[in-house]
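Enquirer: Fold the following and give me the result.
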Amino acid sequence: MSAAGRSLVAATLLLALAAPARAEAQHTLTIATLAPEGSSWMKLLRQWDRAVQKRTSGRVRVKFRTGTLMEDESDMLQLMRHGKVDGVAGTGAAIGRLQPEVRVLELPLFIRTEGETDYIRQRLGDHFRRKFEERWYVLLALSEI
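Expert: A predicted model of the protein is given here:
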């Protein structure tokens, strides 16, 4: 399996319950993740927060509840279901509990070349977004680890 295939096996999806924010108000999205503080994954998530703040002129920011606060991804999903966090940054296994179709990305040899990753995002991204919305979730991003 190529590096792209292995990275998509552990696909990271960010989800948030659908909750509109008023454009003029300051709004903070709280995202649960098992990624430890200081990890390369958290560095990317912090970079994403800076991009969100820039694109919204500071009206929206992202706060993270990192790995030390939870035992496993089930804990993250429970926090989201109970309204304690707005979303989850987790693996395909965790997100697959919310929308099983996304698990297709974990099939062995599904992705064999680097270029196939972008192709899959283009072909399946909108489909996955619709499927999550049917269950009252919003797919914010699909990325690789």
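Enquirer: Quickly note the distance from A141 to E71.
Expert: A141 sits 24 Å away from E71, going by Cβ to Cβ, to the nearest Å. Using the backbone N, CA and C atoms, a C-beta is placed for each residue, glycine as well.
Enquirer: higher neighbour count, the two?
Expert: The residue with more neighbours, out of A141 and E71, is A141; 12 against 9, by other Cβ atoms under 10 Å.
Enquirer: Check the secondary structure at that one for me.
Expert: At A141, secondary structure determined by DSSP: H, G, I helix; E, B strand; the rest coil is strand.
Enquirer: quick one: low-confidence parts of the chain?
Expert: Within the chain, the segments meeting pLDDT under 70 span 1-25, 68-70, 108, 110-111, 114, 117, 144-145.
Enquirer: Show me where it has its strands.
Expert: Using DSSP state E, the strands of the chain run over residues 12-17, 27-33, 60-65, 87-90, 137-143.
Enquirer: wait, doesn't L77 sit right on A93?
Expert: No - using Cβ atoms under 8 Å, L77 makes no contact with A93, being 10.8 Å away.
Enquirer: Neighbour count for those two, which is higher?
Expert: Between L77 and A93, counted using other Cβ under 10 Å, the more crowded position is L77 (20 against 14).
Enquirer: Can you give me every residue that contacts the more buried one?
Expert: In this structure, L77 makes contact with 88, 90, 94, 97-98, judged by Cβ atoms under 8 Å, 6 or more residues apart in numbering.
Enquirer: same thing but at 10 Å, please
Expert: Applying Cβ atoms under 10 Å, 6 or more residues apart in numbering, we find L77 in contact with 15, 32, 70, 85, 88, 90, 94-95, 97-98.
Enquirer: Alright, that wraps it up for me.
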